[in-house]
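[1] Need coordinates for the following:
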Amino acid sequence: MTIVSAVTVAGVAGTAGYAVVAGQGGPAASPRAAASGSTAEVRRGDLAERRWVTGTLGYAGPTAVAAPGEGVLTRVPTVGEIIGRGGAAYEVDGLPVVLLYGSRPPWRPFEPGMTDGADVEQLEANLVQLGHGAGVTVDRHFSAATADAVRRWQRRSGLPVTGSVPLGRVVFAPGAVRVAAAELPVGARVEPGAVVARGTGADPAVTFQLVPRQLPNAKVGDAVVVTLPDGKTHDGTIVSIGAVTTPTEAPAPNGGGGASQPSAPVTVRLQGAAVTGFMDQTQVQVAVTVTARSTVLAVPVTALNPVPDGGYEVVVVDGATTRRVAVRVGIFDEQAGLVEVSGPGLAEGQQVRVPRAQS
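    The predicted structure is shown next:
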């Protein structure tokens, strides 16, 4: 994992992300917009110190599409194809094998008189989602209403209309599948359990290796910011953190060991607008929160002035007069150019001097 250093101001460095929030729960205020001429307003808001790591943009959730039945393959999916709920995963003996969503693999036919089970509930949930569930109660029982829903689905899907689903007619996956490879050719005979295709989930995701000692507080649910190669940023959320492992390295020629550190794989789900135009496995930068602070004072980093004793001060502007105020610095924000400050004589709403923007 690559750590990217952030802001350095006269020997004081830190990494951060920062949101300046207007008082009384109002909308976020832009610190850059607050700057007017050669002054900027002291704002109170929430800070999050972040550390930058290198990640990979790809597709999460490796999936193997295994045949539950037997027959001759008459169609296989193409690489890059996205198969959603109700779509044909592949074709056997001239009929589609339909992809449905769920965690349980099919292991028996679905038909009237079958014993109750979680697999029945999974089938019924899919029939409802596909719009064929009128009168169906999503439970563990294959009822007459379930059989009617199956007939409606079969009619719409071009399948023999029987009210029963033979083993091998449907496969289940956690969600939509983006095909990465077809494992068998058209014409091959498949047996139960044979992997027909491999793929991933269909939604872009970012993965990176987390070094616990560098990011000890990272957890599932944390917000992150992902920067793409074109400079655009996307908000994301950590959705999984795997087990910590230590890479095994061959001994160095001089007998010394490697420098690998224990790390854990992390998956981030992106939010907002779809990410397009990038190849699978594109390198990105991920800003991960290290420490969060709330309702602290902040000024632009450029408002800081070093003093001989190694500290910092800001110049408070009050009309035509100015005064120097010693401050303690806290979290830095690399992207917005902000820094946490505190000290006697500094208050929210004051104006501080900043260098005039170059025209």
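
[2] and the gap between residue 41 and residue 326?
    Plainly put, residue 41 is 19 Å away from residue 326 if you go by Cβ to Cβ, to the nearest Å. Using the backbone N, CA and C atoms, a C-beta is placed for each residue, glycine as well.

[3] what bits of the stretch 101-250 of the chain have low per-residue confidence?
    Along the stretch 101-250 of the chain, the model assigns pLDDT under 70 to residues 248-250.

[4] could you redo the last one with a cut-off of 80?
    Residues of the stretch 101-250 of the chain meeting the criterion pLDDT under 80: 247-250.

[5] could you show me where the helices are in it, in order?
    Ranges of helices within the stretch 101-250 of the chain are 118-129, 144-157, based on DSSP state H, counting those that start in this stretch.

[6] longest strand in this protein, by residue count?
    strand 282-300 (DSSP state E).

[7] For that strand, name the packing helices and strands.
    Here strand 282-300 touches strand 17-19, strand 43-59, strand 204-210, strand 223-227, strand 321-333, strand 338-342, going by 3 or more Cβ pairs under 8 Å, 6 or more residues apart in numbering; DSSP states H and E.

[8] rewinding a little: can I get the helices of the stretch 101-250 of the chain in TSV including distance to residue 271 and mean neighbour count?
    Formatted as TSV, those follow (distance: least, Cβ to Cβ, whole Å; neighbours: other Cβ atoms under 10 Å):
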stretch	distance to residue 271	mean neighbour count
helix 118-129	23	19
helix 144-157	33	18
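
[9] which one of the ones you listed lies closest to residue 330?
    The closest of the helices of the stretch 101-250 of the chain to residue 330 is helix 118-129. By Cβ to Cβ, the value is 49.2 Å.

[10] contact partners of that closest one?
    Applying Cβ atoms under 8 Å, 6 or more residues apart in numbering, the contact partners of helix 118-129 are 85-86, 100-104, 106-108, 110, 114, 133, 136-142, 146, 149-150, 153, 165, 170, 172.

[11] hmm, back to that, would you pull up how far the longest strand of the chain lies from the middle of the chain?
    Here strand 282-300 is found 17 Å from its chain centre; the criterion is Cα atoms, centre = their mean, to the nearest Å.

[12] ok, and for that strand, which residues are buried?
    282, 284-290, 293, 296-300 (16 or more other Cβ atoms under 10 Å).

[13] just to revisit the earlier point, which one of the helices of the stretch 101-250 of the chain lies nearest to residue 355?
    Here helix 118-129 is closest among the helices of the stretch 101-250 of the chain (Cβ to Cβ), at 57.9 Å.

[14] what angle do that closest one and helix 144-157 make?
    With axes from the mean of the first three to the mean of the last three Cα atoms, to 10 degrees applied, the angle from helix 118-129 to helix 144-157 works out at 60 degrees.

[15] what's the closest of the helices of the stretch 101-250 of the chain to residue 76?
    Of all those, helix 144-157 sits nearest to residue 76, with 18.5 Å by Cβ to Cβ.

[16] one step back: who's more crowded, residue 41 and residue 326?
    More neighbours surround residue 41 than the other of residue 41 and residue 326, with 19 against 14 (other Cβ atoms under 10 Å).

[17] you'd agree that one is up against residue 349?
    Yes. With contact defined as Cβ atoms under 8 Å, residue 41 counts as touching residue 349 (6.5 Å).

[18] send the alpha carbons of stretch 228-236 over as PDB?
    The C-alpha coordinates for stretch 228-236 follow below in PDB (Å, rounded to 0.1, in the frame of the first residue of the first chain):
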ATOM      1  CA  LEU A 228     -10.000   8.900 -10.400                       C
ATOM      2  CA  PRO A 229      -7.100   9.300 -12.900                       C
ATOM      3  CA  ASP A 230      -8.900  12.200 -14.500                       C
ATOM      4  CA  GLY A 231      -9.000  14.100 -11.100                       C
ATOM      5  CA  LYS A 232     -12.700  13.600 -10.500                       C
ATOM      6  CA  THR A 233     -13.700  12.400  -7.000                       C
ATOM      7  CA  HIS A 234     -16.400  10.000  -5.900                       C
ATOM      8  CA  ASP A 235     -17.700   9.400  -2.500                       C
ATOM      9  CA  GLY A 236     -17.600   5.800  -1.300                       C
END
